[in-house]
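Peer 1: structure, please.
(one chain, ligands or ions: 2)
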Amino acid sequence: MVPGTCLYHGFSCEDAQIRGEIAPLLYNARIRHSVSRTQIPGGCILFLSQGFNMRTSNYLLSTLKESPAEAVLESHKLMVRAGYIRKLASGLYTWLPTGLAVLKKVEDIIRDEMAKAGCVELLMPFVQPADLWKESGRWIHYGPELCRFKDRHNVDFVLGPTHEEVITALARNEIKSYKQLPLNLYHIQTKFRDEIRPRFGVMRAREFIMKDGYSFDLTTEGLQKSYRKMYRAYSNIFTRLGLDFRAVQADTGSIGGSSSHEFQVLADAGEDVVAFASESDYASNIELTECLEPKTPRAPATKPMGTVPTPGCHTVDEVAELLKVPANTIAKTLVVVGEKKDPEDKGPAPLIAIVLCGNQTLNEVKCEKIEGVKAPLEFATSEQINAFLGCHPGSIGPVKFPGKIVVDRTAAHMADFYCGANHDGEHLSGVNWDRDVPEYTVADVRNIEEGDPSPDGHGTIVLKRGIEVGHIFALHTKYSDAMQCTVLNEEGKPVNMEMGCYGIGVTRVVAAAVEQHHDENGIIMPETIAPFNVTIVPMNMKKSEKVRDFCEKAYKELTAAGIDVLFDDRSERPGVMFADMELIGAPRMLVVGERDLEKDQVEIRYRASGERKSVSASDAVRTIISEVKAALGELNSKAKPQEE
Ligand SMILES: Nc1ncnc2c1ncn2[C@@H]1O[C@H](COP(=O)(O)OP(=O)(O)O)[C@@H](O)[C@H]1O
Ligand SMILES: [Mg+2]
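Peer 2: Ligands and ions are numbered 1, 2, ... in the order given. Sure, this is the predicted structure:
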């Protein structure tokens, strides 16, 4: 290997240390996969430990021809088939060696960018005392995803779904003075969320691994700086992982706080929808995207209110079909549960009507934030509706609705519209706001749609699907207020610390990478997170000493140079070996046959392009080393330095 070039970054580090004292170390070291780490002054960080060099004969390859029947996403199917993961129970997965190799590389890139941003790693327990959750208030608010249990002394505990409470309790004890700030602490730890519908393999699991970090600052300006650093670190991480992603404005959910960005990997299989503006770089999760009030004024009422028979019609589409009118002339009324004024009140909870234009959909996140609406959002059941109105849920309308009415901004512009009559069998026609429904409030409660004007005023909205792989929040003092997490400022006065929290779904990242990088033959991992940089596939090795000797030598030399190699020494049929090595996602394959060797030739096959290249046998190892370095360098060098 050329001294002065770091295999980890794949490019010259331009510092003398690499050339001098570190060079011999670099030559022998297994770089990445942190066991111990050496920070080179002014240079890069080396991770020194065992790499992923394996012989298939002494490995658990565990590839499968068939994908599990329940799998719908390509990433789920391929991760099982390629021997990355195995299901233990719903939402619980074992990481097999090949998947774990990828996972560790993801973690290493995260650790490297965290170190560059000045963050410090620690490790907090997975099991947490309920007392802390009672202190923060989330014991009540978190909902059934929080897995609660009692120990033998009848004391309440939870399986950590996240670690704000634990870190805040730690910080209030350990951080005494402003002189210790700013501080950014993180860990990479298992989480448990009892998801209602665990699905898509490790994409939405119950047990998963998260990198979660927490920043502590004295002032809001300090927090803003910490937040910007994490924004950059996260952008660097997902860039180096080779993912096509966008940072988008996001809702703050149960974590709380003010500003928040999600890092979304763009993929049709994503569960999230991101709204992009056609003429600016505005991007937000549609959970949050504001729908502007229509520009044109509402048309005047021209028709008297009347009734039309609609026997057996319960949906907007059925009514539209029967009456031969477009869905946007029909108001859709949904009923949600409201908050009781007096929590001690034993009677039924109030019900709230939410009215939308018939062709539009409810945004549950916006709805949950409306005053009086119960959070987490609860739709009224058919029984509740029947007891309240004496009709079917498909027959509800705002006219004479005996409760609070919330009308979406767009629906509030409807005139002469149809709606449910609050009894079955007919609908109302020619309905108009104010005249027929005097009392209602207007709010933005619908999902934005393609073609709607962008809330930033620049062009129209384009929608794309995304997988949320990271999420950063400016929490400010939400937890430090609730849990009295103070620090002494310059005047010696205790002030609540300004906090931020920053998460990456480490296991989900692997699934997202597979979702973005695969073809009909299997996974095609980017170089930085490939389980192996190269596989060696010998033809007829049992019979050919020449092939065996060449492969053994290449394996040793590549390993010594820090390349991750899988040597397929099973002596299987070539077709079987090719299929397996293509499936697992290594970027290249070194194919060695006796006839080729006699001409001093071997073949390198490239997974992404499908290209096959004959190279001189004596050059093959050197070629592979320099290509791996170049590919690593290309991705890693896209990371931007942290500003000071
Ligand atoms: N059930 C899950 N399975 C796998 N990864 C998850 C799961 N839930 C959350 N994550 C990952 O953890 C990151 C941080 O979680 P957070 O933003 O708190 O979750 P959420 O957006 O679901 O409330 C998410 O960006 C996502 O990548
Ligand atoms: Mg999130």
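
Peer 1: over to the closest residue to ligand 1 within the stretch 501-644 of the chain: give its phi and psi.
Peer 2: Using Cβ to the nearest ligand atom, the point where the stretch 501-644 of the chain gets nearest to ligand 1 is residue 505, with a distance of 2.3 Å. C-beta coordinates here come from the backbone N, C-alpha and C atoms, glycine included. For residue 505, the backbone dihedrals (degrees, to the nearest 10) come out as phi -80, psi 90.

Peer 1: tell me the contacts of it?
Peer 2: Contacts of residue 505 were listed using Cβ atoms under 8 Å, 6 or more residues apart in numbering, and they are 208, 209, 210, 468, 469, 470.

Peer 1: hmm, which two among the residues you listed are most spread apart?
Peer 2: For the contacts of residue 505, the maximum inter-member distance is 15.2 Å, found between 209 and 468 (Cβ to Cβ).

Peer 1: list buried residues within the contacts of residue 505.
Peer 2: The neighbour-count test (16 or more other Cβ atoms under 10 Å) applied to these identifies 208, 209, 210, 468, 469, 470 as buried.

Peer 1: quickly run through the sheet partners of the lengthiest strand in the chain, with directions.
Peer 2: With residue count as the measure and DSSP state E as the assignment, the chain has strand 461-476 as its longest strand. Here strand 461-476 is paired, per DSSP bridges, with strand 260-266 (antiparallel), strand 272-277 (antiparallel), strand 498-505 (antiparallel).

Peer 1: downstream of the second one, the next helix or strand is which one?
Peer 2: By that I understand strand 272-277. The helix or strand immediately downstream of strand 272-277 is strand 283-285, counting by DSSP states H and E.

Peer 1: got a list of contacts for the helix or strand just after that following strand?
Peer 2: Proceeding N to C from strand 283-285, the next assigned helix or strand is strand 306-309, under DSSP H and E. Counting by Cβ under 8 Å, 6+ apart, the neighbours of strand 306-309 from elsewhere in the structure are 323, 418, 421, 425, 426, 427, 428, 429, 430.

Peer 1: buried subset of these, written for ChimeraX?
Peer 2: Typed into ChimeraX, the line below selects the buried ones among those, using 16+ other Cβ under 10 Å:
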select :323,418,421,426,427,428,429,430
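
Peer 1: the contacts of strand 306-309: which ones sit near ligand 1?
Peer 2: Near ligand 1, judged by Cβ under 6 Å from any ligand atom, there are no entries from the contacts of strand 306-309.

Peer 1: looking at the contacts of strand 306-309, spot the one nearest ligand 1.
Peer 2: The closest of these to ligand 1 turns out to be residue 418 (Cβ to the nearest ligand atom; 37.7 Å).

Peer 1: how about the stretch 1-150 of the chain: which residue is closest to ligand 1?
Peer 2: Proximity to ligand 1, evaluated over the stretch 1-150 of the chain using Cβ to the nearest ligand atom, is greatest for residue 91 at 7.4 Å.

Peer 1: in helices, which of the contacts of strand 306-309 appear?
Peer 2: When helices are assigned by DSSP state H, the members of those inside them are residue 323.

Peer 1: so which of the contacts of strand 306-309 sit within strands?
Peer 2: Among the contacts of strand 306-309, the members that lie in strands (by DSSP E) are 418, 426, 427, 428, 429, 430.

Peer 1: would you list those in JSON lines and tack on pLDDT?
Peer 2: As requested, the ones in strands among the contacts of strand 306-309 are exported to JSON lines (pLDDT from 0 to 100):
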{"residue": "418", "pLDDT": "97"}
{"residue": "426", "pLDDT": "93"}
{"residue": "427", "pLDDT": "95"}
{"residue": "428", "pLDDT": "96"}
{"residue": "429", "pLDDT": "96"}
{"residue": "430", "pLDDT": "97"}
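
Peer 1: before we move on, back to that, reformat the strands paired with strand 461-476 into CSV and put mean pLDDT next to each item.
Peer 2: Conversion of the strands paired with strand 461-476 to CSV gives the following (pLDDT from 0 to 100):
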stretch, mean pLDDT
strand 260-266, 97
strand 272-277, 96
strand 498-505, 97
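
Peer 1: follow-up on the earlier one: hmm, which two among the ones in strands among the contacts of strand 306-309 are most spread apart?
Peer 2: When the ones in strands among the contacts of strand 306-309 are compared pair by pair using Cβ to Cβ, the two farthest from each other are 426 and 430, 13.2 Å apart.

Peer 1: before we move on, what SS does the residue in the stretch 201-350 of the chain positioned nearest to ligand 1 have?
Peer 2: For the stretch 201-350 of the chain, the nearest residue to ligand 1 under the criterion Cβ to the nearest ligand atom is residue 208, separated by 3.7 Å. At residue 208, secondary structure determined by DSSP: H, G, I helix; E, B strand; the rest coil is strand.

Peer 1: same question, the one 3 residues further on
Peer 2: Secondary structure, three-state DSSP: residue 211 is strand.

Peer 1: any idea what it is bridged to?
Peer 2: Applying DSSP bridges to residue 211 yields these beta-bridge partners: residue 188, residue 504.

Peer 1: so who does it touch?
Peer 2: Listed by Cβ under 8 Å, 6+ apart, the contact set of residue 211 reads 107, 110, 114, 186, 187, 188, 503, 504, 506.

Peer 1: next up, the contacts around the residue lying closest to the first one once chain neighbours are set aside.
Peer 2: In other words, residue 107. Here the nearest residue to residue 107 in space, its sequence neighbours aside, is residue 188; by Cβ to Cβ, 6 or more residues apart in numbering that works out to 5.7 Å. For residue 188, the contacting residues are 107, 110, 111, 121, 209, 210, 211, 506, by Cβ under 8 Å, 6+ apart.

Peer 1: what parts of the stretch 101-250 of the chain come near ligand 1?
Peer 2: Near ligand 1, the residues belonging to the stretch 101-250 of the chain are 162, 193, 195, 204, 205, 208, 210 when assessed by Cβ under 6 Å from any ligand atom.

Peer 1: the third one: what's its closest spatial neighbour, skipping adjacent residues?
Peer 2: Spatially, and ignoring its direct neighbours in sequence, residue 195 is nearest to residue 206 (5.4 Å; Cβ to Cβ, 6+ apart).

Peer 1: show me which residues of this protein sit near ligand 1.
Peer 2: For the chain, the residues in contact with ligand 1 under the definition Cβ under 6 Å from any ligand atom are 162, 193, 195, 204-205, 208, 210, 253, 255, 468-471, 503, 505, 507-508.

Peer 1: neighbours of residue 355, just the number please.
Peer 2: If you count neighbours by other Cβ atoms under 10 Å, residue 355 ends up with 27.

Peer 1: that one against residue 398, yeah?
Peer 2: Yes. Using Cβ atoms under 8 Å, residue 355 and residue 398 qualify as a contacting pair, with a distance of 5.3 Å.

Peer 1: perfect, I'm done here.
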